[in-house]
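[1] when you get a sec, could you give me coordinates for this:
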Amino acid sequence: MLLLLLIGVALLAARVAAGSATLAPPFLSSQPCIAVMAMIPAAAGLTGLAYVRARRAPHAVARTKK
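    Numbering: from 1, shown residues only. Model (predicted):
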């Protein structure tokens, strides 16, 4: 039942999106380009991944000579 509801919502959303999405670059159109819209979560994911990797990387400790 839940799966059918999700499929129905996805189909309705696809119909609405099909009428409003463009492939025009943002500087040529007042509507956002779907490629740019897709880059926003991708950039956020890559930023988060870089943050996690930086936190896990071993930090170099400088030794002092005596």
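[2] for this structure, what spans make up the helices?
    In the chain, the segments counted as helices under DSSP state H are 2-20, 34-56.
[3] mean pLDDT for those: which is lowest?
    For the helices of the chain, mean pLDDT drops lowest on helix 2-20, to a mean of 77.
[4] for Tyr51, give me its contacts.
    Contacts for Tyr51 (C-beta atoms under 8 Å, 6 or more residues apart in numbering) come out as none. Every residue, glycine included, has its C-beta placed from N, CA and C.
[5] when you give positions from now on, start the count at 22
    Got it, first residue is 22 now, which makes that one Tyr72.
[6] gap between it and Gly66?
    Distance check for Tyr72 against Gly66: by C-beta to C-beta, to the nearest Å, it reads 11 Å.
[7] how about Arg74?
    Computed as C-beta to C-beta, the Arg74 to Gly66 distance reads 13 Å.
[8] buried ones in stretch 68-84?
    Residues of stretch 68-84 classed as buried by neighbour count (16 or more other C-beta atoms under 10 Å): none.
[9] okay, it in CSV with CA atoms only?
    Taking Å, rounded to 0.1, in the frame of the first residue of the first chain, the C-alpha atoms of stretch 68-84 are listed here in CSV:
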residue,chain,number,x,y,z
THR,A,68,31.9,18.8,0.5
GLY,A,69,30.7,16.5,3.3
LEU,A,70,32.8,13.7,2.0
ALA,A,71,35.9,16.0,1.9
TYR,A,72,35.1,17.1,5.5
VAL,A,73,34.9,13.5,6.7
ARG,A,74,38.1,12.5,5.0
ALA,A,75,39.9,15.5,6.4
ARG,A,76,38.8,14.6,9.9
ARG,A,77,39.9,11.0,9.5
ALA,A,78,43.3,11.8,8.0
PRO,A,79,46.2,11.5,10.5
HIS,A,80,47.6,14.8,11.4
ALA,A,81,51.3,15.3,11.2
VAL,A,82,52.9,16.4,14.5
ALA,A,83,56.0,18.6,14.3
ARG,A,84,58.9,17.3,16.4
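[10] can you pull the phi/psi pair for Ala78?
    Here is the backbone geometry of Ala78 (degrees, to the nearest 10): phi -70, psi 140.
[11] from Leu24, how far off is it?
    Applying C-beta to C-beta to Ala78 and Leu24 gives a distance of 42 Å.
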